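K.L.:
below: sequence and its predicted model.
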Amino acid sequence: MGDVDDQGFPWERSIDRRTLLGKAAVAGGALAAGGLLATSSATAGSSANAGKVTAFFGQYGTIAEQEALRKVILRGFNGDVEAVFAPLGTNVFVDRVRAEGKAGKGNIDLLIGLHGDFVTFQNENLLRGVDTVTKQIKTLPAPLVKIGKLGTATQYYVPHSQATYVMVANKDVIKYMPKGADINALTYGQVFQWAKAIRKGTGQNRFGLPASDTGLLHRFFQGFLIPSFTGGFVTGFRTNEAVAAWDYMRQLWQYTHPQSLTYGFMQDPLLSEEVLLSWDHVARLKTALDQRPDDLVAFPVPRGPKGRSYMPVIVGLGVPRNAPNSAGANALIRHMTTISSQAQVLSLLGFFPAVGGRLSKRLSPGLLAEAAAVRKQQKAPDAVQALLPIGLAAEGANFNKIYRDTFTRIVRNGENIRTVLKEQGDLLQAIFDKTGAPCWAPDPPSGKAPCRVK
Amino acid sequence: MTTIAHEPAPLARRKRRWEGLPYWLILPTVIYIGLFFVWPMIQGFGLALKDETGWGLTAFRTMVDDAAFSEAMSFTFLLIVVIVPIQFVLAFGMALLLNARLRGGGVFLYIFLLPLAISDLAAGIAWSAIFTERGYLNTILEGVRVVDIPFIFLDPTSTTQLVLVVAVAEIWRSTTFMMVILFAGLQGIPRDYVEAAEVFGAGFFQRVRHVIFPMLKPSIQVALLLRLIFAFEVFAVVIALTGSGASVLASEAYKWQATNQNEHVAAAYSVVILGLSLAAAAVVLVALRTPRERRLR
């Protein structure tokens, strides 16, 4: 995955249709705002009607995202799309694809899922290659295409969009940043000093994290804090470096807004100025950056002793082995990777497009700021990618619970760090013993054997 | 004579038929309750006691071993201890006020009924907009110079504060519910008793203490019973106001089902809630029972 950066940002690569991107993005935004149902018909390469295509979404499942897809993004497709959305926070997506694979007869034509989902499907031989359609889409950046091959010679998914997590600060607190610190190359220590200085300067804890049950705090530990300290988030779970990471978290929590435990999406407290320095998923910061681009600044996540770890999210399009209408699925893949459709993904869903094309200046300043922060984060020389869990299937929920429980016990309840890591580490190991899932990046590969907690 | 001898037979038959009628009339309700309450309850027990490995108490063990269990249990009880007595006093006062038939008393009724029309989650969100640090309450307090910097009401490090905040929202939301039951009971008390007491020189508090209160006992019983059962199910207001800062039994049940995706532990929580509700109901029924000879009708 590290080679995404090699050829620059996919959406930065200049292509001759870049003005179209801008127009389509603006049109997409206007359509959504006006509640209109029509969309541009700039659907390249799908002249004939593709018939009925059943698209199964494991991503974009919130109501707003479903609306945007049904009413705008899928609207211009020349064919009849039946969009089915797996319920959020469940394992229905993987379960149903598996069940259809076993049944021998499938109903699903197109899968929209995360990189990790496709790894699971490919391991169980549930996917059909999508080499032909991938070659037809000239705007796809080579590094992302390569990731979609899952380390094989066959293309298993077509990259559709990307997202990650960044930090955001209110410009009022820039003055409290530690002296000599570069906002684009902060360390965890500097973030702590900053949060502390904000408390001293404003009299209140203004650093915030999304720690309610609907927030993504567990991703902060899995993809950012722990790997930045230990170099992995499973193998190093009980090491001295992990103890240092949790001790850091405990210190930082003293300067964290107590209402963090009620925050789900950080855009809300950033807008109300309860929080002036924060971290969250780009799609959960979008509204704040859109509404107050002049007051807020987005920047890369900090680095720890083992690098600047961040969690990229790659959404891909794949075709199940027994899809009844694979030609239709290929047509829908082409539609969803057109410039106009990708621009809509950016403006309506807040996910960054996979295809090339420079970001239009006419996009909202918030999105541009976010995109710039994401780019700096990925291009940082010390960047380390921590992938979303792969191969845990139904245990994914328990995996997340372990990190949240560890946080609650160490940071909120003040329990002994080593004791908690020992006990939670046993639970973590039990998940890998049960699922047999091998380690994934940045943990060192364990081959076919289950990942081991050290 | 023969005709007379024959007459009782159809009468008795008709009587038998009429005796059976009530059972036929409640049959739809019995079917409804059986289908939508008893059967799911049995299934709930099944889910809690049986998992992939077979019958056993694994789910209950997981539940009790989880750090959140004791916290959820104590927070639920704390809420009940704080909320229910205050709510009862308020509801009783409001019912008396309505029953006094003051001029414009109907207006009170409509004002009191407003919170009942709002869903509990909506109420929770509204109260969170009031109590959050940059919320309405702090804006007002700052405006009238009571505080210099906003006070953090929703501070999860202080259980007292969380209990008080949730209590305020819950009292606002569901006191009317108790009031409606008590008001209905008050209207059933014949005026003669109260007037007789008045003639004998009983003051307002004496009338309430010795006449109204004893006669209202069956209504109080129902009001407390239902309120306690609902109190064990409190959920949306707590979630909206405290996030993951505090948890109650019902929110843990939800979390195990939705977030942790373990329906067995979720069902175990439901069984605990059911058990506690039944125990609370039994306590209320015994403590507030009215002997048959002292009932009004």
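P.N.:
That came through fine. Residues are numbered from 1 along each chain as shown, chains lettered A, B, ... in the order given.
K.L.:
what helix or strand is whatever residue of the stretch 301-450 of chain A ends up closest to chain B located in?
P.N.:
Closest to chain B within the stretch 301-450 of chain A is A:Ala397: 4.4 Å, counting by Cβ to the nearest Cβ. Quick note: C-beta positions are derived from backbone N, CA and C, even for glycine. A:Ala397 belongs to helix A:396-407 when assigned by DSSP states H and E.
K.L.:
just the CA coordinates of the helix or strand just after that helix, formatted as CSV?
P.N.:
Downstream of helix A:396-407, the next assigned helix or strand under DSSP H and E is helix A:417-435. Taking C-alpha atoms only, helix A:417-435 is exported to CSV below (Å, rounded to 0.1, in the frame of the first residue of the first chain):
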residue,chain,number,x,y,z
ILE,A,417,-1.6,-0.4,32.4
ARG,A,418,0.3,-3.7,32.4
THR,A,419,-2.5,-5.7,34.1
VAL,A,420,-5.0,-4.4,31.6
LEU,A,421,-2.8,-5.0,28.6
LYS,A,422,-2.1,-8.5,29.8
GLU,A,423,-5.9,-9.3,30.2
GLN,A,424,-7.1,-7.6,27.1
GLY,A,425,-4.1,-9.1,25.1
ASP,A,426,-5.4,-12.6,26.0
LEU,A,427,-8.8,-11.6,24.7
LEU,A,428,-7.2,-10.3,21.5
GLN,A,429,-5.2,-13.5,21.0
ALA,A,430,-8.4,-15.5,21.5
ILE,A,431,-9.9,-13.6,18.5
PHE,A,432,-7.0,-14.5,16.3
ASP,A,433,-7.0,-18.1,17.5
LYS,A,434,-10.7,-18.4,16.7
THR,A,435,-10.6,-16.7,13.2
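K.L.:
for residue 230, which non-adjacent residue is spatially closest?
P.N.:
Looking at chain A here, since you left the chain open. A:Gly236 (3.0 Å; Cβ to Cβ, 6 or more residues apart in numbering or on different chains).
K.L.:
meant chain B actually
P.N.:
Ranked by Cβ to Cβ, 6+ apart and with sequence neighbours excluded, the top spatial neighbour of B:Phe230 is B:Ser174, at 6.9 Å.
K.L.:
secondary structure class for that neighbour?
P.N.:
Judged by DSSP: H, G, I helix; E, B strand; the rest coil, the three-state class of B:Ser174 is helix.
K.L.:
so how far is A:Leu126 from it?
P.N.:
Here B:Ser174 is placed at a distance of 50 Å from A:Leu126 (Cβ to Cβ, to the nearest Å).
K.L.:
got it, and B:Met41?
P.N.:
Taken as Cβ to Cβ, the span from B:Met41 to A:Leu126 is 39 Å.
K.L.:
what about the chain, any weak spots by pLDDT?
P.N.:
This is for chain A. A:1-47, A:89, A:356-362 (pLDDT under 70).
K.L.:
nope, chain B please
P.N.:
Checking chain B against pLDDT under 70 turns up B:1-11, B:13-17, B:293-297.
K.L.:
residues in it within reach of chain A, list them.
P.N.:
By Cβ under 8 Å from any Cβ of the partner chain, the part of chain B that sits against chain A consists of B:67-68, B:128, B:132-134, B:149-150, B:152, B:154-157, B:239, B:241-245, B:255, B:258-262.
K.L.:
ok, now with 7 Å
P.N.:
B:67, B:132-134, B:149, B:152, B:154-157, B:242-245, B:255, B:258-261 (Cβ under 7 Å from any Cβ of the partner chain).
K.L.:
any idea which residue sits dead centre in chain B?
P.N.:
For chain B, the residue nearest the mean C-alpha position is B:Arg227 (2.0 Å; Cα atoms, centre = their mean).
K.L.:
part of a helix, is A:Val301?
P.N.:
No. A:Val301: not assigned to a helix; according to three-state DSSP it is coil.
K.L.:
give me phi/psi at it?
P.N.:
With angles defined as degrees, to the nearest 10, A:Val301 sits at phi -70, psi 160.
K.L.:
state the distance from it to A:Val275.
P.N.:
16 Å.
K.L.:
more crowded one of the two?
P.N.:
A:Val275 (30 against 26; other Cβ atoms under 10 Å in any protein chain shown).
K.L.:
what residues does that one make contact with?
P.N.:
Counting by Cβ atoms under 7 Å, 6 or more residues apart in numbering or on different chains, A:Val275 touches A:206, A:208, A:257, A:266, A:269.
K.L.:
ok, now with 6 Å
P.N.:
Counting by Cβ atoms under 6 Å, 6 or more residues apart in numbering or on different chains, A:Val275 touches A:206, A:208, A:257, A:269.
K.L.:
helix, strand or coil for it?
P.N.:
With three-state DSSP as the basis, A:Val275 sits in coil.
K.L.:
could you measure from the residue lying closest to it once chain neighbours are set aside over to B:Val237?
P.N.:
Once flanking residues are discounted, A:Val275 sits nearest to A:Gly208: 3.3 Å by Cβ to Cβ, 6+ apart. Separation of A:Gly208 from B:Val237 (Cβ to Cβ) stands at 23 Å.
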